[in-house]
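Novice: Structure, please.
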Amino acid sequence: MAQQTTAAPGAVPEILSLDWSDVTDSLRAGWRDFLAAPTYGLFFSCVYVIGGWLVIWAVMAKGQIWWTLPAAAGFPILGPFVACGYYEISRRLEQGIPLRSHDIFRVVFRQKDRQIPSMAAVIVVFFLFWNFLSHMIFALFLGNATMTNVSSSLTVFLSPEGLSMLAVGTLVGAAFAMLLFSVTVVSLPMLLDREVDFVTAMLTSLALVRENPVVLLGWGALIAVCLFAGMLPLFFGLFVVLPVFGHATWHLYRRSIA
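Specialist: Okay, here's the model as predicted:
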């Protein structure tokens, strides 16, 4: 099996400038990788699709809203490992390495002993803090409406307090999403590819966004829109959206880091 490490341990990655052609070329390469190995892409996407179905079933069929918190918390824990599956497939296709399932899953499994769990922990902290902050924002604006069942009386959100809460929550949530995107946009594929610590990977990712804000924030917005569209038809669209963008992220990383 080919070496994963492409840089000496401790080496500081050098970031490059990007333009929109890098985004379009990465998307084309991601689509090409998905078509070259669709079975793997569909398999790794099952983690999110089945998870989404379980959340819907818990809320709509059983009425157990409390289920959504542990289910949603599982996504940021498993997500980095699923992403590594996409990256490893693209890495092998790029280098002409045969796609053997036991080798691919061995690489993904080995990430538990590297830096990926630390990145998963960072993502979980973001998730938990945002969950806490969103409850605080709700209590701040709608604390006097706590006796209202907001799941059945949505008119409370049309009140001045409800509209203010939605506006503030959206702005704060967007800021959280932008920060999380900035520290993960290339840090996850970098941790698979190189022997760097997760702090260096996050700082490199932040520096890349600071160097290319328009291109990468546009990339993040495109991902958000496509993920939302993929979730609408009972999450079925994620079977295509996730592997294409997962593979494309690898190629964008390769264009971003010298």
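
Novice: I77: what's it in contact with?
Specialist: Applying C-beta atoms under 8 Å, 6 or more residues apart in numbering to I77 gives the contacts A120, I123, V124. Yep, even glycine has a C-beta here, placed from its N, CA and C like the rest.

Novice: mind running it again at 7 Å?
Specialist: Applying C-beta atoms under 7 Å, 6 or more residues apart in numbering to I77 gives the contacts A120, V124.

Novice: got it, and the one 3 residues further on?
Specialist: Taking C-beta under 7 Å, 6+ apart as the contact definition, P80 lies against I116, M119, A120, I123, L188.

Novice: Can I have the buried ones of these as a ChimeraX selection?
Specialist: A single ChimeraX command selects the buried members of these (16 or more other C-beta atoms under 10 Å):
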select :116,119,120,123,188
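
Novice: Identify the farthest-apart pair in the contacts of P80.
Specialist: Largest separation among those by C-beta to C-beta: I116 and I123, giving 10.4 Å.

Novice: Please enumerate the strands of the stretch 51-200 of the chain.
Specialist: For the stretch 51-200 of the chain, applying DSSP state E, counting those that start in this stretch gives no strands.

Novice: low pLDDT regions in it?
Specialist: 58-74, 143-154, 156 (pLDDT under 70).

Novice: tally of neighbours for the residue lying closest to G246 once chain neighbours are set aside?
Specialist: Using C-beta to C-beta, 6 or more residues apart in numbering and skipping the chain neighbours, the partner closest in space to G246 is Y86 (3.0 Å). Y86 is flanked by 30 other residues according to other C-beta atoms under 10 Å.

Novice: In contact with Y86, which residues?
Specialist: Residues near Y86 by C-beta under 7 Å, 6+ apart: G41, F44, P243, G246, H247, W250.

Novice: Look up how far S45 lies from it.
Specialist: Distance of Y86 to S45, computed by C-beta to C-beta, to the nearest Å: 9 Å.

Novice: Please apply the same query to Y87.
Specialist: 14 Å.

Novice: which one is L227 nearest to, not counting chain neighbours?
Specialist: Sequence neighbours aside, V241 is the residue nearest to L227 in space, at 6.0 Å (criterion: C-beta to C-beta, 6+ apart).

Novice: quick one: contacts of the helix or strand hosting that neighbour?
Specialist: Assigned by DSSP states H and E, V241 belongs to helix 238-256. Contact with helix 238-256 is made by 15-16, 18, 22-23, 26-27, 29-31, 33-34, 41-42, 44-45, 48-49, 83, 86-87, 89-91, 186, 189-190, 208, 223, 226-227, 230-231, as judged by C-beta under 7 Å, 6+ apart.

Novice: ChimeraX command to pick out the buried ones of those residues?
Specialist: ChimeraX command restricting the contacts of helix 238-256 to the buried ones, with burial defined by 16+ other C-beta under 10 Å:
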select :15,18,22,23,26,27,29,30,31,33,34,41,44,45,48,49,83,86,87,89,90,91,186,189,190,208,223,226,230,231
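
Novice: Could you list which of the contacts of helix 238-256 belong to helices?
Specialist: With helices defined by DSSP state H, the entries of these inside them are 22-23, 26-27, 29-31, 33-34, 41-42, 44-45, 48-49, 83, 86-87, 89-91, 189-190, 208, 223, 226-227, 230-231.
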